[in-house]
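*Asks:* let's see this in three dimensions:
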Amino acid sequence: MNKKLKIYSVLFVVVIIVMLVTSVFKFEKTSALGFSEEKLEVTNPPAGFTPIIDTLGNGTVITHNRSTFSYEVNVVPRKHPENKELVSTVRFPAAVSNQTYLVKMQKVKLEVPTEENKIGSFPMWFGSITGSLTLVVIVWMLCIVLQTISRIRKGEIFVADVSRNLEKIGFMLSAIYLIELITSYTITKYFINHIILAGHYIVFKNECNIMFLLTGIALLIISQIILMGKDLKEDVDLTV
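*Replies:* Residues are numbered from 1 along each chain as shown. Just a heads-up that it's a prediction; the model follows:
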């Protein structure tokens, strides 16, 4: 077994272990922002969220929705005062019992009017940059995939070029996962430091597609197996 194959095999096992560990533990951090009061309630939307209604001269009423920014974040509940919980209760007139549930929110979508957005533009431009980088990697990878398929269709399997191409594809798939992970973690950490959600902590949860990384490392291993097959084939040809 060559050196690279050993490294890639160990890396594959490490990724599996890390994936199992991260599926159990949550990475959370308390916001450094201070606050004097918090409320989580069902109420009429504040003025900044209500649609703008214009009445034309002919009496026609036109409704314009306000422009908003929205963010999706993972959350865990903080300990409510006096051991209170967020509860959903539905009463049925003719039923013997009601339906009552404790509500444990795990992921929420937050909206804020554009003119009142105090979060800043960092999440938007950082996400745009990493998204563009991911797109470049994907296009480059597809070109290499097509080139590799062309070589394989010609019967050229155990050759150095195919091995190198599979290795490149493996690195690119792994890079896509890492870019997505870094983007998610960085933006979530930014939200943690800039957003306070009543009764809840914002937490980082790895929701990136782990199959990109596992497939990438698997291709790295296969690339070295092909390289070993190439060397074996050359030895057999020399022997014959």
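
*Asks:* name the helix or strand for the closest residue to I222 other than its chain neighbours, please.
*Replies:* Distances taken as Cβ to Cβ, 6 or more residues apart in numbering put L166 closest to I222, at 5.8 Å, once the chain neighbours are dropped. Yep, even glycine has a C-beta here, placed from its N, CA and C like the rest. Assigned by DSSP states H and E, L166 belongs to helix 160-194.

*Asks:* list the buried ones in that helix?
*Replies:* 162-163, 165-177, 179-181, 183-184, 186-188, 191-192, 194 (16 or more other Cβ atoms under 10 Å).

*Asks:* which stretches of the chain have low pLDDT?
*Replies:* By pLDDT under 70, the low-scoring segments of the chain are 1, 22-39, 45-57, 59-66, 80-83, 94-97, 116, 231, 233-240.

*Asks:* could you redo the last one with a cut-off of 80?
*Replies:* 1-2, 18-69, 78-87, 91-99, 112-121, 155-158, 199, 229-240 (pLDDT under 80).

*Asks:* wait, what's in contact with the residue nearest to the spatial centre of it?
*Replies:* Central residue of the chain (Cα atoms, centre = their mean): C208, 4.0 Å from the mean position. With contacts defined as Cβ atoms under 8 Å, 6 or more residues apart in numbering, C208 is in contact with 177, 180-181, 184.

*Asks:* strands paired with the top strand by length along the chain, and their directions?
*Replies:* If you go by DSSP state E, the chain has its longest strand at strand 68-77. If you go by DSSP bridges, strand 68-77 pairs up with strand 107-113 (antiparallel), strand 200-204 (antiparallel).
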